[in-house]
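> Could you look at this predicted model? Sequence included:
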Amino acid sequence: MASLRVKAQFDPELVISHKFPEDSFSYNERDAVIYALGIGACSGDAADEKELKYVYHRDGEENVQVLPTFVVLFPFKTKSDLLLHDVPGLEFDPKLLLHGQQYIEIYKPIPSSCYVKNTTTVAGLHDKGKATIIELETVSYAKKSGEALCMNRSTIYLRGAGGFSKSSQPYSYANYPSHQVSPVSVPKQKPSVIYEEQIQQSQALLYRLSGDYNPLHSDPMVARIAGFNRPILHGLCTLGYAVRAIVRSICDGDPTALRSIFGRFLLHVYPGESLITEVWIDGSRAIFQTKVKERNRAVLSGYVTLKNIPSSL
Ligand SMILES: CCC/C=C/C(=O)SCCNC(=O)CCNC(=O)[C@H](O)C(C)(C)COP(=O)([O-])OP(=O)([O-])OC[C@H]1O[C@@H](n2cnc3c(N)ncnc32)[C@H](O)[C@@H]1OP(=O)([O-])[O-]
């Protein structure tokens with residue numbers, strides 16, 4: 001494991017008051033399709049009844065359908081490092097950065113092409129001693145109508161960058177309600193759904209084409225410096241697998257059925273491993289946990305909120 005520096009010096013007030021400039025980008029169907037393939041759509045069956053619509057104009061449809069987690073790409077569309085390098089005074093080693101959590105709200109059905117405006121703020125900053133956690137919140141609007149499409153809040157875990165608090169109380173700031181992002185407890189009863197899938201060896205190489213080019217996911221040397229045997233899968237790719245499993249098994253394949261999504265990354269995943277996603281229905285929430293089969297370790301847990309309570313489960 002890489003050796004980690006433990007005493008960072010920076011001014012937290014400067015970090016949380018930072019104003020990012022607004023940014024715009026456009027995407028098209030090709031982006032939506034490359035993303036769908038990047039999170040394994042149709043990887044087990046090229047004619048998959050429930051997933052062909054994400055990658056092909058099925059039955060002569062005018063547009064492909066868009067997976068709900070496609071919106072996680074929006075904060076990456078203008079800068080692949082989520083703008084962290086633009087935050088004044090924030091000291092960290094990019095090689096030690098890990099994605100900790102992601103919270104997403106979806107306000108409108110996501111079109112298969114759009115011109116989008118992003119506004120980004122610092123939503124949280126926490127000194128964990130051995131690490132600093134910074135949370136960036138991006139709201140994305142359809143530029144033409146001005147309507148808000150979605151919000152992404154990314155929790156980034158900066159290993160080795162903690163210990164900046166000057167007072168005896170570790171610094172902790174968040175501008176959102178804590179219940180939105182608290183880690184879930186996995187129910188004791190049997191899950192309603194268990195979905196297993198193998199990730200392709202080349203999955204991270206394919207997923208990066210959607211805009212996250214961090215070499216941790218592609219370069220063996222960088223992965224070793226960061227403390228891993230080989231390149232690891234993007235956390236958001238694992239989240240995409242889990243949510244796609246939920247959409248197909250709980251929502252009857254309807255990609256517009258989700259209001260919000262929360263996931264906490266518990267452990268890294270290596271491409272080529274098999275993911276087992278277990279899902280429990282709790283009112284309008286579906287709680288999930290994803291494990292790596294080969295190591296029998298939980299790698300992700302979270303929940304989605306559903307627009308309708310599924311009647312079939
Ligand atoms: C973003 C763009 C770049 C993308 C990169 C990737 O995809 S990388 C690939 C995808 N990502 C991955 O593969 C990462 C997978 N996850 C991991 O490797 C580990 O969970 C870890 C290294 C993030 C933390 O492990 P650890 O042993 O160092 O931590 P600990 O248990 O000793 O807790 C210390 C404090 O931190 C808190 N806290 C803990 N975990 C999380 C979290 N996930 N989230 C938030 N917070 C978390 C915990 O509550 C505690 O605070 P408290 O309660 O004291 O106030």
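Structure's in. What do you need?

> Residues of the protein that sit close to the ligand?
82, 98-101, 128, 131, 133, 154-157, 214, 232, 234-235, 264-268 (Cβ under 6 Å from any ligand atom). Any C-beta I mention is one placed from the backbone N, CA and C, and that applies to glycine too.

> Residue 237 in helix, strand or coil?
helix (DSSP: H, G, I helix; E, B strand; the rest coil).

> just the one 10 residues further on next, same as before
When the structure is split into helix, strand and coil by three-state DSSP, residue 247 lands in helix.

> Filter the residues of the chain next to the ligand down to just the ones in strands.
The strands, defined by DSSP state E, take in 98-101, 131, 133, 154-157, 264-265 from those.

> Return the member of those nearest to residue 143.
Lowest distance from residue 143 to those (Cβ to Cβ) belongs to residue 154, with 21.8 Å.

> neighbours around the closest one, how many?
Close neighbours of residue 154, defined as other Cβ atoms under 10 Å, add up to 24.

> Leaving out sequence neighbours, find the closest residue to it.
residue 136 (5.2 Å; Cβ to Cβ, 6 or more residues apart in numbering).

> Do a quick rundown of the helices in the stretch 1-150 of the chain.
For the stretch 1-150 of the chain, the helices defined by DSSP state H, counting those that start in this stretch cover 12-16, 29-38.

> Highest mean neighbour count out of these?
When the helices of the stretch 1-150 of the chain are scored by mean count of other Cβ atoms under 10 Å, the highest mean neighbour count falls to helix 29-38 (a mean of 20).

> Can you list the neighbours in contact with it?
Applying Cβ atoms under 8 Å, 6 or more residues apart in numbering, the contact partners of helix 29-38 are 42-43, 51, 54-56, 63-64, 66-67, 70, 73, 112-113, 203, 206-207, 209-210, 237, 240.

> Need the pLDDT of the closest residue to the ligand within the stretch 51-200 of the chain.
Proximity to the ligand, evaluated over the stretch 51-200 of the chain using Cβ to the nearest ligand atom, is greatest for residue 100 at 2.7 Å. At residue 100, the model reports a pLDDT of 97.

> what's near enough to touch whatever residue of the stretch 201-313 of the chain ends up closest to the ligand?
With Cβ to the nearest ligand atom, the shortest gap between the stretch 201-313 of the chain and the ligand falls at residue 235, namely 2.9 Å. By Cβ under 8 Å, 6+ apart, the contact list for residue 235 reads 98-99, 102, 263, 265, 300.

> Columns distance to residue 188 and neighbour count on top of the residues you listed, output as CSV?
CSV is the format used below for those (distance: Cβ to Cβ, whole Å; neighbours: other Cβ atoms under 10 Å):
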residue, distance to residue 188, neighbour count
98, 29, 17
99, 28, 22
102, 26, 23
263, 21, 30
265, 23, 23
300, 19, 24
